[in-house]
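S.K.: how would this look folded up:
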Amino acid sequence: MKYIRSRFQRQTGRERGQSLMEFALTAPLIFLVLAGLVHFGLTMHAQQTITNASRVGARRAAQSGPDAGVVQQAVLDYCQQAGLDTSKLSVSINMGSVNSDIQVTVSYQFSSPVEGVLRAMASLVTGTDQQEVVIPNQLQATTVMRY
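M.R.: Here you go, the predicted structure:
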């Protein structure tokens with residue numbers, strides 16, 4: 001019995017090459033979107049962590065009084081438990097007298113593992129040098145509470 005290829009079966013070889021070309025053209029865009037999502041998620045996690053840490057510090061100052069060392073240690077402990085690198089963290093505490101406001105500001109120098117990929121992809125899209133691509137990486141959160 002002789003095997004006869006249908007019209008559909010004859011075109012699959014050519015379509016396979018077309019699919020490969022379409023993937024090659026769209027893959028960089030897909031990887032850029034995925035890298036952006038990972039970077040955004042990590043940035044939001046770090047921002048939420050330092051926001052909560054500033055609240056913890058202000059709450060600790062309202063409960064225990066104007067002791068900057070206790071407040072700073074509470075902020076550092078919270079950030080360390082959340083997985084942030086405490087060497088990139090700075091805590092600013094502004095306290096007045098009793099029955100006044102306390103202001104706790106937490107700053108964090110954020111770096112993402114996909115930052116290099118984002119720089120490379122953005123430089124390909126914009127045609128600029130990778131060093132000229134600016135990715136903001138300084139996060140800050142402030143809490144004001146009366147004590």
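
S.K.: centroid residue for the protein?
M.R.: The residue lying closest to the centre of the chain (CA atoms, centre = their mean) is Thr43, at 1.8 Å.

S.K.: That residue and Met121: what is the separation?
M.R.: As judged by CB to CB, to the nearest Å, Thr43 and Met121 stand 17 Å apart. C-beta: built from backbone N, CA, C; applies to glycine.

S.K.: Surely the residue nearest to the centre of the chain touches Ser112?
M.R.: Yes - the criterion here is CB atoms under 8 Å, and Thr43 meets it with Ser112 at 6.9 Å.

S.K.: helix or strand for Ser112, which one?
M.R.: Counting by DSSP states H and E, no helix or strand carries Ser112.

S.K.: so where is the protein shaky, pLDDT-wise?
M.R.: Across the chain, the ranges flagged by pLDDT under 70 are 1-16, 98.

S.K.: List the residues that contact Arg119.
M.R.: Going by CB atoms under 8 Å, 6 or more residues apart in numbering, Arg119 touches Gln130, Val133, Ile135.

S.K.: One more: Leu20?
M.R.: No contacts exist for Leu20 under CB under 8 Å, 6+ apart.

S.K.: from the middle of its chain, how far away would the helix or strand containing it be?
M.R.: Secondary structure from DSSP H and E places Leu20 in helix 7-64. Per CA atoms, centre = their mean, to the nearest Å, the displacement of helix 7-64 from the mean C-alpha position of its chain is 10 Å.

S.K.: now stretch 71-87
M.R.: In terms of CA atoms, centre = their mean, the centre of stretch 71-87 is set 17 Å apart from its chain centre.

S.K.: returning to what we had before: give me the number of neighbouring residues for the residue nearest to the residue nearest to the centre of the chain when sequence neighbours are not counted.
M.R.: Of all residues not flanking Thr43 in the chain, Phe110 sits nearest, at 6.2 Å (CB to CB, 6 or more residues apart in numbering). When neighbours are counted by other CB atoms under 10 Å, Phe110 registers 21.

S.K.: One more: Pro136?
M.R.: Residues near Pro136, counting by other CB under 10 Å: 7.
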